[in-house]
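[1] The following block contains a protein sequence and its predicted model.
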Amino acid sequence: MPHVGGQKLKIINEYQILMDESDEQHQINAMEMTRRLKARGIPAERKTVYKDMDTLMDAGVDVVKGDHGYYIGTRAFELAELKLLVDAVGASKFISQKKTKELVEKITTLAGMEEAAQLQRQVVVPEKATAANEKIFYTIDVIYQCLDNDKMMSFKYQEWTLTKEMKPRHGGKIYKVSPAFLIRNDENYYLVAFDGENQEIRHYRVDKMVSAEMLDDAREGRTQRDALNPQEYARHHVSMFAGEERAITIRFPKHLVGVALDKFGTGIDLRPDGEDYVKARINVAVSPQLYGWLTGVGASICFPDEEAEKYKEYLKRLIL
């Protein structure tokens, strides 16, 4: 057959049709494939479809020839894995309602027809409490460009006002930092970076970053960045708020051991304190957010003494 409109893309379209519309229960024979190709404006004959199927098989694509036609045998993801991906997207506060639905639809296309229908029946896209920053994916792309090219980046940082609006912090100040890594914590996405102006590591919520750009300047603070451990950083910064990091000992009811291990990791030192309580030595950034977490689980600080006193003062202010 001569190369008429769409012929060069015919085999790609055949692959797309198999991926989108076939599985063991929904096999596509050569005649049906020609009809679907013609619906896309691509003329085809049965004998060329047979050759194309052989070509796909020779190329390593898992095309199976069944009793009633062709179908894709195995896919990259199992249904349970796709369900986990959908749930993770739905639970992410930093992804807008609109983008959540778009991503869920894309994830669904990774399944076969039967599994896609099952996945769509199971999917529940929760309503997001607030409108997320629609440009967050652009910002993430800029961050990865900076990491790949060893460049600094600039951005404006937003904050909520009493009128429930997001406005640039510090009058629209341009922040210039050297990205270290991205991390997800407390259902939000954060950039951890070296701040050259203050000569320290800081973190920023990605959904509050706007006007992100990659700069020509090479990243700074290599020593400080190389010393970071993403997992440890997340554990030490409760709710990702900054504070002076130091070793403290906390005391809490014995039945909350699992809660403490989930929060601070299994590397913390635990020891019994009587029959009903446990003490744990942790390295953490001390902040009001840490105090809030301790209050919520009924824990206290017992060492060092100055930190214990600060926590007591915090509690006194709450009840005034």
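    On my side now, so go ahead.
[2] Not counting its neighbours along the chain, what's nearest residue 25?
    The shortest distance from residue 25 to any non-neighbouring residue, by C-beta to C-beta, 6 or more residues apart in numbering, is to residue 114 (5.6 Å). Just so you know, the C-beta spots here come from the backbone N, C-alpha and C atoms, and that holds for glycine as well.
[3] In this structure that neighbour contacts residue 26, no?
    Yes: counting by C-beta atoms under 8 Å, residue 114 sits close enough to residue 26 to count as a contact (7.1 Å).
[4] Which stretches in the stretch 201-320 of the chain count as helices?
    222-226, 230-236, 257-264, 288-297, 305-319 (DSSP state H, counting those that start in this stretch).
[5] burial of the residue nearest to residue 25, as a residue count?
    Neighbours of residue 114 under the rule other C-beta atoms under 10 Å: 13.
[6] Could you pull up the residues touching it?
    23, 25, 26 (C-beta atoms under 8 Å, 6 or more residues apart in numbering).
[7] quick one: which of the residues you listed is nearest residue 231?
    Using C-beta to C-beta, residue 23 is the member of these that lies nearest residue 231, at 38.7 Å.
[8] Kindly present the helices of the stretch 201-320 of the chain as CSV, with separate columns for mean pLDDT.
    Output for the helices of the stretch 201-320 of the chain, formatted as CSV (pLDDT from 0 to 100):
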stretch, mean pLDDT
helix 222-226, 95
helix 230-236, 82
helix 257-264, 86
helix 288-297, 90
helix 305-319, 92
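[9] which SSE is the closest residue to residue 187 other than its chain neighbours in?
    Ranked by C-beta to C-beta, 6+ apart and with sequence neighbours excluded, the top spatial neighbour of residue 187 is residue 93, at 4.8 Å. Taking DSSP states H and E as the definition, one finds residue 93 inside no helix or strand.
[10] For the residue nearest to residue 25, report the pLDDT, please.
    pLDDT recorded at residue 114 is 74.
[11] Could you double-check that residue 137 lies in contact with residue 96?
    No: applying C-beta under 8 Å, one finds residue 137 not in contact with residue 96, separated by 9.9 Å.
[12] These two: who's more crowded?
    residue 96 (20 against 14).
[13] Surely the more buried one touches residue 134?
    Yes: between residue 96 and residue 134 a contact is recorded at 5.5 Å, counting by C-beta under 8 Å.
[14] So for this structure, the centremost residue is which one?
    Nearest to the mean C-alpha position of the chain, by C-alpha atoms, centre = their mean, lies residue 184 at 6.3 Å.
[15] can I assume that residue sits in a strand?
    Yes: per DSSP: H, G, I helix; E, B strand; the rest coil, residue 184 lies within a strand segment.
[16] so who does it touch?
    Residues counted as contacts of residue 184 (C-beta under 8 Å, 6+ apart) are residue 190.
[17] So what pairs up with it in the strands?
    When assigned by DSSP bridges, residue 184 has beta-bridge partners residue 189.
[18] In terms of helices and strands, where is residue 54?
    Going by DSSP H and E, residue 54 is part of helix 46-58.
[19] which of the residues in that helix are buried?
    By neighbour count on 16 or more other C-beta atoms under 10 Å, the buried set for helix 46-58 is 48, 49, 52, 53, 56.
[20] Of those residues, which is the nearest to residue 314?
    Proximity to residue 314 was ranked across those by C-beta to C-beta; first place goes to residue 56, at 65.2 Å.
[21] Please tell me how far the closest one sits from residue 27.
    Shown here: residue 56 relative to residue 27, a distance of 15 Å by C-beta to C-beta, to the nearest Å.
[22] Then residue 173?
    Applying C-beta to C-beta to residue 173 and residue 27 gives a distance of 61 Å.
[23] neighbour-wise, which of those two wins?
    residue 27 (17 against 10).
[24] List the residues that contact residue 180.
    Going by C-beta under 8 Å, 6+ apart, residue 180 touches 192, 193, 194, 201, 225, 228.
[25] Quick one: which of those is the most crowded by neighbours?
    Using other C-beta under 10 Å as the neighbour test, these are led by residue 193, with 27 neighbours.
[26] so it touches residue 202, yeah?
    Yes: Residue 193 lies in contact with residue 202 (C-beta under 8 Å); the separation is 6.4 Å.
[27] any shared contact partners between those two?
    Common neighbours of residue 193 and residue 202 (criterion: C-beta under 8 Å, 6+ apart): residue 177.
[28] Understood, closing this out.
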